[in-house]
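# quick check, what structure comes out for this input:
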Amino acid sequence: IGVLTNIGEAHGENFKDALEKASEKVKLFKHTDVIICNADDAIKNEALTNFPKQHLFSWGRHLNATVQITAIEKQEEETTIFCNCNSVPLQFTIPFADNASVSNAITCVCVLLYLGVSFTEIERRMRQLQAVDMRLQLIHAINNCAVINDSYSFDITSFSIALDFLVQQQQLTQKTVIISDIPAAKNGELYLQAIEMLHARKIERVITVGEQWNNHQHELKNKIAVTKHFSSTASFIEHFSANHFRNEVILLKGARVFGFEKIMQLLEKKVHQTLMEINLT
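Predicted coordinates:
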């Protein structure tokens with residue numbers, strides 16, 4: 001069984017376009033009996049054109065999808081997915097509301113349906129899913145803050161997912177994003193796209209780190225209320241003050257080369273205990 005989940009912007013710098021990258025990745029499935037994939041993704045579909053239709057078990061809103069998604073209803077902490085499989089209406093609920101979890105859950109359901117697991121059993125178990133420790137973790141930080149640490153890689157798709165996760169944190173209203181240069185950006189287009197994503201989600205404060213962001217401060221200031229720029233991570237650390245962060249959720253989003261784990265160490269709440277002994281004599 002081959003499962004094609006998502007082909008984002010990551011690793012794209014060595015391919016002429018997204019189709020060439022997708023075509024390279026689907027070579028992994030040359031000897032599989034079935035490929036489970038999203039029917040709504042045009043690039044993936046084009047990359048899979050050489051595979052026989054009977055080898056594809058697809059999902060999506062497309063009419064030709066094996067599992068056709070008819071509706072997705074999101075509540076605050078759960079999502080109900082309505083679908084049709086072989087003209088049989090089905091629905092299941094998962095205890096998540098973010099887009100990545102919804103997509104992953106539908107993919108899992110397709111695998112289980114292909115394996116012949118009863119839908120009653122699938123529906124029961126989907127409700128019991130628990131969050132797994134992934135890249136996006138909410139960590140207690142200084143001055144009643146919380147930090148989402150996603151400083152392992154940087155592409156525009158994972159940035160969108162991280163922003164959605166940030167916006168979902170309603171326990172604190174103030175939102176701050178600390179963002180590095182985008183390594184794969186060959187021109188300013190990705191930076192403008194990132195600024196629009198920040199603006200669309202009503203992010204109040206953005207702190208940029210890196211030489212490239214210096215070229216886009218004008219566009220950033222036109223869209224974001226409070227901005228601050230540092231040429232490097234070392235410069236950020238040099239000017240760091242704990243008083244600058246209070247009662248807010250902070251998203252740390254950066255490429256690995258920027259070493260944002262050093263910023264994380266400054267923000268993270270120290271939870272160890274200290275014992276002080278005083279000799280009164």
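# what sits closest to the spatially most central residue of the chain if chain neighbours are left out?
Nearest residue to the geometric centre of the chain (CA atoms, centre = their mean): residue 161, 2.8 Å. Excluding the flanking residues, the one nearest residue 161 by CB to CB, 6 or more residues apart in numbering is residue 100, at 5.1 Å. C-beta: built from backbone N, CA, C; applies to glycine.
# which strands and helices lie in contact with the one helix or strand the residue nearest to the centre of the chain maps to?
Using DSSP states H and E, residue 161 sits within helix 156-167. Where contact means 3 or more CB pairs under 8 Å, 6 or more residues apart in numbering; DSSP states H and E, helix 156-167 is packed against helix 99-114, strand 145-150, strand 174-180, helix 189-200, strand 248-253.
# how far is the fourth one from where the chain is centred?
To tie it back to what came earlier, the one meant is helix 189-200. 15 Å (CA atoms, centre = their mean, to the nearest Å).
# check the second one too.
Shown here is strand 145-150, whose average C-alpha point lies 14 Å from the average C-alpha point of the whole chain (CA atoms, centre = their mean).
# quick one, that strand and strand 174-180 angle?
Relative orientation of strand 145-150 versus strand 174-180 (axes from the mean of the first three to the mean of the last three CA atoms, to 10 degrees): 30 degrees.
# got it, and the last one?
Put simply, strand 248-253 runs at 20 degrees to strand 174-180, going by the same axes, to 10 degrees.
# list phi and psi for the nearest residue in space to residue 225 that is not next to it in sequence.
Using CB to CB, 6+ apart and skipping the chain neighbours, the partner closest in space to residue 225 is residue 204 (5.4 Å). Per-residue torsions, residue 204: phi -80, psi -40 (degrees, to the nearest 10).
# verify the stated contact: residue 264 with residue 152.
No. Counting by CB atoms under 8 Å, residue 152 is not a contact partner of residue 264; they are 11.2 Å apart.
# looking at those two, which one has more neighbours?
Of the pair residue 264 and residue 152, residue 264 is the one with more neighbours under other CB atoms under 10 Å, namely 17 against 13.
# show me what the strand or helix carrying that one is packed against.
Element membership of residue 264, judged by DSSP H and E, is helix 261-267. For helix 261-267, the contact count by 3+ CB pairs under 8 Å, 6+ apart identifies strand 145-150, helix 233-238, strand 248-253 as packing neighbours.
# just the buried residues of the second one, please?
Buried residues in helix 233-238, counting neighbours by 16 or more other CB atoms under 10 Å, are found at 233, 236.
# how far does that helix sit from its chain's centre?
So, by CA atoms, centre = their mean, the centroid of helix 233-238 is 26 Å from its chain's centroid.
# contacts for it, please.
178, 180, 207, 209, 230, 258, 259, 260, 262, 263, 266 (CB atoms under 8 Å, 6 or more residues apart in numbering).
# for residue 141, what are its contacts?
Applying CB under 8 Å, 6+ apart, the residues near residue 141 are 147, 245, 250, 267, 268, 269.
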